[in-house]
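K.L.:
Provide a 3D model corresponding to the input given below.
(8 chains, ligands or ions: 2)
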Amino acid sequence: MKDAFSKYASYLNDLNDKRERVVKASRDITMNSKKVIFQVHRMGKHNKEQVLEKAEKDLAVVMNQYMSRLVKELQGTDFWKLRRAYSPGVQEYVEAVTLCNFCKTGSLLNLDEINASLRPLSDPSTEPLQINVPDYLLGIADLTGELMRLAIGRISGGELEFAQKICRFVREIYRELTLIAPIMDDSWDMKTKMDTMLQSVMKIENACFSVHVRGSEFPGSEDANFSLLGGLEIE
Amino acid sequence: MKDAFSKYASYLNDLNDKRERVVKASRDITMNSKKVIFQVHRMGKHNKEQVLEKAEKDLAVVMNQYMSRLVKELQGTDFWKLRRAYSPGVQEYVEAVTLCNFCKTGSLLNLDEINASLRPLSDPSTEPLQINVPDYLLGIADLTGELMRLAIGRISGGELEFAQKICRFVREIYRELTLIAPIMDDSWDMKTKMDTMLQSVMKIENACFSVHVRGSEFPGSEDANFSLLGGLEIE
Amino acid sequence: LNLERQFEEFRHQLDDSGNLRERIRSIALEIESATRLMQSSLLLIHQSGPIPEVLEKAKGQIGVLKELYNKLAEIILECPGQYYRYHGDWRSETQTVVSLLAFMHWLETEGLLLHAEAEEKLGLKSSEFGLDTEDYLIGICFMSNDLPRYVVNRVTAGDYDCPRKVLKFLTDLHAAFRMLNLRNDFLRKKFDGMKYDLRRVEEVYYDVKIRGLATTGNTTGEQGDGGQS
Amino acid sequence: LNLERQFEEFRHQLDDSGNLRERIRSIALEIESATRLMQSSLLLIHQSGPIPEVLEKAKGQIGVLKELYNKLAEIILECPGQYYRYHGDWRSETQTVVSLLAFMHWLETEGLLLHAEAEEKLGLKSSEFGLDTEDYLIGICFMSNDLPRYVVNRVTAGDYDCPRKVLKFLTDLHAAFRMLNLRNDFLRKKFDGMKYDLRRVEEVYYDVKIRGLATTGNTTGEQGDGGQS
Amino acid sequence: LNLERQFEEFRHQLDDSGNLRERIRSIALEIESATRLMQSSLLLIHQSGPIPEVLEKAKGQIGVLKELYNKLAEIILECPGQYYRYHGDWRSETQTVVSLLAFMHWLETEGLLLHAEAEEKLGLKSSEFGLDTEDYLIGICFMSNDLPRYVVNRVTAGDYDCPRKVLKFLTDLHAAFRMLNLRNDFLRKKFDGMKYDLRRVEEVYYDVKIRGLATTGNTTGEQGDGGQS
Amino acid sequence: LNLERQFEEFRHQLDDSGNLRERIRSIALEIESATRLMQSSLLLIHQSGPIPEVLEKAKGQIGVLKELYNKLAEIILECPGQYYRYHGDWRSETQTVVSLLAFMHWLETEGLLLHAEAEEKLGLKSSEFGLDTEDYLIGICFMSNDLPRYVVNRVTAGDYDCPRKVLKFLTDLHAAFRMLNLRNDFLRKKFDGMKYDLRRVEEVYYDVKIRGLATTGNTTGEQGDGGQS
Amino acid sequence: LNLERQFEEFRHQLDDSGNLRERIRSIALEIESATRLMQSSLLLIHQSGPIPEVLEKAKGQIGVLKELYNKLAEIILECPGQYYRYHGDWRSETQTVVSLLAFMHWLETEGLLLHAEAEEKLGLKSSEFGLDTEDYLIGICFMSNDLPRYVVNRVTAGDYDCPRKVLKFLTDLHAAFRMLNLRNDFLRKKFDGMKYDLRRVEEVYYDVKIRGLATTGNTTGEQGDGGQS
Amino acid sequence: LNLERQFEEFRHQLDDSGNLRERIRSIALEIESATRLMQSSLLLIHQSGPIPEVLEKAKGQIGVLKELYNKLAEIILECPGQYYRYHGDWRSETQTVVSLLAFMHWLETEGLLLHAEAEEKLGLKSSEFGLDTEDYLIGICFMSNDLPRYVVNRVTAGDYDCPRKVLKFLTDLHAAFRMLNLRNDFLRKKFDGMKYDLRRVEEVYYDVKIRGLATTGNTTGEQGDGGQS
Ligand SMILES: [Mn+2]
Ligand SMILES: [Mn+2]
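P.N.:
Ligands and ions are numbered 1, 2, ... in the order given. So this is what the prediction gives:
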């Protein structure tokens, strides 16, 4: 019995150590991805380029320093076996990278594109880590919350059109996820996220509504098309 | 509007002040009744009289010092209006006074008897505070928990018969309350207390069972009828 | 046995009080039902129904309520000193009654329905069975909760002077409430909510004012000569 | 208008079904009350009261229950096809009834009260209004929960043969239940609890046996030749 | 043995009812899936997609649903009198179906989809398997919850007359619901929520009106001559 | 015996720590009460009371608070190192205190009350008993929540320069908060709310600006001579 | 659109994986059902059924299980690398299987069924589809939970040597488990429970020993020459 | 600016306190791990391992623990006055440590490990970082929970004097605890459990006594020469 159990013990030790390292990497990814997201929110009308540049630089660090650690740990069956250990980090990374990408390009970064960017990190001889569909989707769900914050902020910043763009984009994601959420691997998480997402959509819509009716009151005025805060910033 | 509201304000101030005083009195009663209960649990085989004497002295203090404060505050409609403010204290007092009484006499102190003992505390010109039936019953419900502790302790102390007496007594109370609990003013509290009470009954029964089967194994032995701890105390 | 006899007696007492409660509950249900009719009539106010007619119809229920409270008083008198034992069984209904009466009163007089006036309207003044002060105050808070909606709908219907009047009333009411030392209870929570009503009415008044829709002349005057006294 | 006419009709429907529910609830309350009397009498069994007398008194309520279930059946027959619409309003009471009847039956016969027997005792057999199978089964589980306490108190009272008898009964019952494919619901949860009752009774039997208190003669014999099959 | 024979029979009963439930659940899942497609199409309404086209696509699922409800009806007819035993397995799905159908109906007609009309659309009218009234009412409440969002987005898209129309509809609906005596249950809770929808639509209408964006001409006229009666 | 002596000492310790908590709670209640008075005075600001006078009255409570915090500090110093053992008992009261002090400070200086300044005002600087950073930050968020209402009421009262000043302050404050990497806790949630305050103030600023009311020059003048009374 | 195409593809993928899961669940249900039969047979051991016969009957299901695991393996091989994606759908069933196999193995050999032996019995050794180590360990813990009951019933039936044997096995097993570094997870919780099994068996051994029922001779000897190695 | 500088500092503070907590958690994990090793060694006591040797091995971890508590103390000293801010992060681990130390102490001295002695063993006495009284008391209750098992196993192994000694200790300990006026919290609940430990030890003492096994003379001898090996 003792021999068998020392075998089990070393199996469990290896597994637990690896899991520990993966959890640690995941937490680092989370923390640093969150910092990237905070950074994106520091975006104003006139510092867009600088802020995004810094965010992308930080994101590159997350990728090279922390995601790469994760990639090195994970092989084959680990992708699903240790999913719970790294899922939070990966979701937050998806959130950060898609947020940056949307701010730059106005479109959704695909899972394939993200996975392609991970490939160089891994030893070419081994199977590369591929983010799975559920983690990607859970990350996208959180993305919509950040986009909501961004939209409210951009309306403050006078960028109404950008806010409207976010509104359309988030609505589209919500619509697509309506069909996908119930067939996901563990749909429970996603269900609560869908509720939050609808709240976010409506917060953006209400903000757009508010700006719209205010603007419509003075259709002739030149100011009406301008930002509210724009005025302040000029002063 | 101002005049009316200063009337309301002084009404509320008076009421709240009184309630505050009643709550305070109730908390003092609770604290000191709990101390009496702790004191009763310090009872052993050979210090019964002293312990109970001390407990009764403490109880007299609760009565004269704290219950009397409560009695002085409450009049007529207050008995029900401020019930929630003083109910915890009164329940704990019922628990303490019935516990002491049971240890001394082996029977249940009636509500009428308790209420009679309160009468001297109040000004003869006013309606005296009478503990209401629900508070009395809620106190009795808690009493059974303390009796359980006592029974287990008394078995340890070698007083098997006393434990059996408690067992019969608590069963009887449980049986009576089975019929009364569902028709009480706020039966919700009582329902959970009934569950706890059944647990207490069964704890006592299991302890009695355990002593009984042990004793039956050596029906001839003289020791069998004696306490377990009795032996230790003699040593 | 002593023990059995005592519990036997308790059982009788509690059965009696259970029956009493049954009767009270059934009257409380009737009160609720009458209140619902009153409320239904009053709702038309939000659809710019003509105020006097709406009030007329709603008032029809006051008599019914008076009678029901009378019955309640009779029951309670059967067990003197136990008003507050059963109070929980009709209090939330009564709070709603107060809120409706106070709203109707405001529509007629632009003033607050006082506690004594509310008691009188329900025929409670004389008897030992009165209107609990806290219930009255909670009812007033409920009324306050309906005012923002009322103001919004009046403005939509073109009554631009309404916000000023409501704001004046609500500001005074809020200030009066602040004189009370409230405990951390339901009334306190309700009163805490009143500040949102106030804020919303302020916003509507702001909307009207900034667009020059408010009849500015006398408003400033009114505010100027003393404010919320 | 169509809309108004429709809601008018709904009002009638809802009022009717409300009244029905009211009547059902009131009978369910009476059932509960009769059950409680029965239960209270049965509790004396733990005091080692003489079983026949205890049973006699408890049985007094069966007639009352029968009548109440009759009334219930009549009400339900008024609205055919809706048994299960209102079922929730009396099911927990019925489960308790079954558990008490089954316990009394065991005390008399040392056997299980069958579903049909339970229906008969409550006068439900003939009518369309039967005893739901799951309610019956849940009631049986409830009964099982009371057995460990019973066994403990019997032994304390000196009846050393009781554990063996109860154990035999419970083992058979448990085995029979195991054959059912239960869903993941309340019944399943209750049945899962039965194994703890079984284990507790086994332990009591063990305590008695290891001390040589069980009347060993015939027990070992029975067990030796194959157990409870 | 009796005991064994009884449990043998129970096993069959439970297995049968388990299978039935399985079949019902699987159809309920298909209903949910069809509903979701419908819902997803309807969401385009908020993007200011052209209403007729959006409706066209959503309507595509009605046929599918009709068929599924037909299958459900067949299963339920196998076990007469047990509609309400299994009702819980499809009710929440059905409530969503009703809410979507009613929303689509409003978009087309600006009127309420009646209970009978909903049954007809789902092919339930003829059979013994009908649409439970409470499910219908809950579905209508769900629809009401979607209206504020719809109004907000329509105004943003420049349709300034929408708030008035929705407000009229919702006011009437709310008044009709008020006439019902609801129990303290889920439906009651949902209906209580409807007043927030109403208030929100009033606010949107207010926002539009105070800025002179509403097509004031005929609105005031309508409101002036008595409101939503 | 050692053992007995030790438990004797424990008894005293446990009793003492119970008393301590009692004393802390009672001071926290007094703080709450003083805060309420301060808040009451400050509310007049919304009714265009003259700012200096309003402030004067509100400041009257600072001394009281200082004294109370002093008492608290003394109690806490009795048991060195146990600040955070009892911290939960006064933190929510302290957050409100900070929010009021910060609002008053802004009214006087149009700048943010710094952490060190808040400590100084409450006499906490010297002692070991400081103002917890998170409590300070939460208090600042609370203050931000009151600014939209203030701005709306000032504009109604004719002070058209107020929105610009508040907007500038709030924009800076929001930007500063954005520099923090907050965890997902209560503070984060409060900060998330700040963006709505910002937006509301912007809207008012827009309303004023688009109507040409915000004539920057003379507004400062108006404020100087006492507000809209 | 890019976005739409991606989500479309996800939908297909997820549908496929849903179907796969469906097939897995259905096999898992069959495994559960076979396990239940096995368990039923084994239960007779507690009623002192003759061990070899009981085992014979229980073993009959091993072949069935082997086949079912084979089918499972085939399905999993369709999607390489995703074993752990679906693992949750059969793991609890597998843990029960392991616990029963291990118990049967102990009855035959008084030794522990090793991981490799368990895999072999289920025909899992060769394929890529193995028995997860943690599932194996949890299964072993489950088996340990049944031992106290077994010991109690064996002693009741007069087998006084059983406690010693089980105690030896359980002590060794417990010591072996302590070599593992467990995380704070389900396995850890189950293992923490093992100490109660151990304690109970110790108590039974104590009962037997103190009464001189255990065949004391060789026990001390065994314990003397090295203990739990 | 002041404002910016302040928030810059806050950012550092928040980041620092996050790091601190991280470091504390990691040491708490190491404490847990050392405790587990200690516990593992001590378990051999139940298998009649020779007490001195077992203790020797277990004591090996005390040094490790001392060092870890030292590190913890250093971290806490970095932020004076914040002991109770982070206390929750190591308290449950510390309670286990106390329970083990107290058990080992009893094995050596048959007396209670006092609070001050526990602090000394962990090197906490000198520093500002002490052992919380409640943690100590809870740890002692945990130790009490292990004593019944110990007594049972010692008797099985032939040490018939052990029950008397443990009973004496536990009686005194229980009496001492009874002197405390405990609040209704975790500690109270743990203490309530102690009476069951006491009873179980009494039962064993009775078993030994009634069989005339407890010959007080030579038992001490047996313990002296190394136990039952
Ligand atoms: Mn996020
Ligand atoms: Mn108590």
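K.L.:
Only the buried residues of stretch C:25-44, if you could.
P.N.:
Going by neighbour count (16 or more other C-beta atoms under 10 Å in any protein chain shown), the buried part of stretch C:25-44 is C:27-28, C:30-32, C:34-35, C:37-39, C:41-44. C-beta here means a position set from N, CA and C on the backbone, and glycine is covered the same way.
K.L.:
Pass me the low-pLDDT residue ranges in chain C, would you?
P.N.:
C:1, C:126-127, C:216-229 (pLDDT under 70).
K.L.:
Domain parsing of it, as residue ranges.
P.N.:
Domains of chain C are assigned by automatic domain parsing as C:1-109, C:132-229.
K.L.:
so which of those domains gets nearest chain D?
P.N.:
Proximity to chain D (C-beta to the nearest C-beta) singles out domain C:1-109 among the domains of chain C, at 10.3 Å.
K.L.:
can you give me the offset of the closest one from its chain's centre?
P.N.:
In terms of C-alpha atoms, centre = their mean, to the nearest Å, the centre of domain C:1-109 is found 13 Å from the chain centre.
K.L.:
try stretch A:158-176
P.N.:
Centroid separation between stretch A:158-176 and its chain, computed with C-alpha atoms, centre = their mean, is 16 Å.
K.L.:
Regarding the chain, what is its longest helix?
P.N.:
All of this refers to chain A. Assignment by DSSP state H gives helix A:2-41 as the longest helix of chain A.
K.L.:
that's the wrong chain, I meant chain C
P.N.:
Per DSSP H, chain C has its longest helix at helix C:2-43.
K.L.:
what helices or strands is that one leaning on?
P.N.:
helix B:133-156, helix B:160-180, helix C:51-78, helix C:83-86, helix C:91-109, helix E:162-178 (3 or more C-beta pairs under 8 Å, 6 or more residues apart in numbering or on different chains; DSSP states H and E).
K.L.:
One more pass at 10 Å, please.
P.N.:
With contacts taken as 3 or more C-beta pairs under 10 Å, 6 or more residues apart in numbering or on different chains; DSSP states H and E, helix C:2-43 sits against helix B:111-118, helix B:133-156, helix B:160-180, helix C:51-78, helix C:83-86, helix C:91-109, helix C:133-156, helix E:162-178.
K.L.:
show me what contacts the most centrally placed residue in chain C?
P.N.:
The residue lying closest to the centre of chain C (C-alpha atoms, centre = their mean) is C:S99, at 1.9 Å. If you count contacts by C-beta atoms under 10 Å, 6 or more residues apart in numbering or on different chains, C:S99 has them with C:35, C:39, C:113, C:136, C:138-146.
K.L.:
Find the closest residue to chain H in chain A.
P.N.:
Closest point on chain A to chain H, by C-beta to the nearest C-beta, is A:M31, at 8.8 Å.
K.L.:
any idea how far C:L29 lies from chain F?
P.N.:
Look at C:L29 and chain F: by C-beta to the nearest C-beta, to the nearest Å, they are 39 Å apart.
K.L.:
re earlier: and the longest helix of chain A, how far out from the chain's middle?
P.N.:
Centroid separation for helix A:2-41 versus its chain: 21 Å, with C-alpha atoms, centre = their mean.
K.L.:
Tell me the buried residues in that helix?
P.N.:
By 16+ other C-beta under 10 Å, the buried positions in helix A:2-41 come out as A:5, A:8-9, A:12, A:15, A:18-19, A:21-40.
K.L.:
That one relative to helix A:133-156, how many degrees between them?
P.N.:
20 degrees (axes from the mean of the first three to the mean of the last three C-alpha atoms, to 10 degrees).
K.L.:
Could you list the buried residues of the helix or strand following helix A:2-41?
P.N.:
Next helix or strand after helix A:2-41 toward the C-terminus (DSSP states H and E): helix A:48-61. For helix A:48-61, the buried set under the neighbour-count rule, 16+ other C-beta under 10 Å, comprises A:51-52, A:54-56, A:58-59.
K.L.:
Now tabulate these in JSON lines and tack on distance to chain F.
P.N.:
Formatted as JSON lines, those follow (distance: C-beta to the nearest C-beta, whole Å):
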{"residue": "A:V51", "distance to chain F": "11"}
{"residue": "A:L52", "distance to chain F": "15"}
{"residue": "A:K54", "distance to chain F": "13"}
{"residue": "A:A55", "distance to chain F": "13"}
{"residue": "A:E56", "distance to chain F": "18"}
{"residue": "A:D58", "distance to chain F": "12"}
{"residue": "A:L59", "distance to chain F": "16"}
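K.L.:
Excluding chain neighbours, give the residue nearest to residue 200 in space.
P.N.:
Using chain A here. The spatial neighbour of A:S200 that comes closest, neighbours along the chain excluded (C-beta to C-beta, 6 or more residues apart in numbering or on different chains), is A:M148 at 3.8 Å.
K.L.:
Correction: the question concerned chain C.
P.N.:
C:P148 (3.9 Å).
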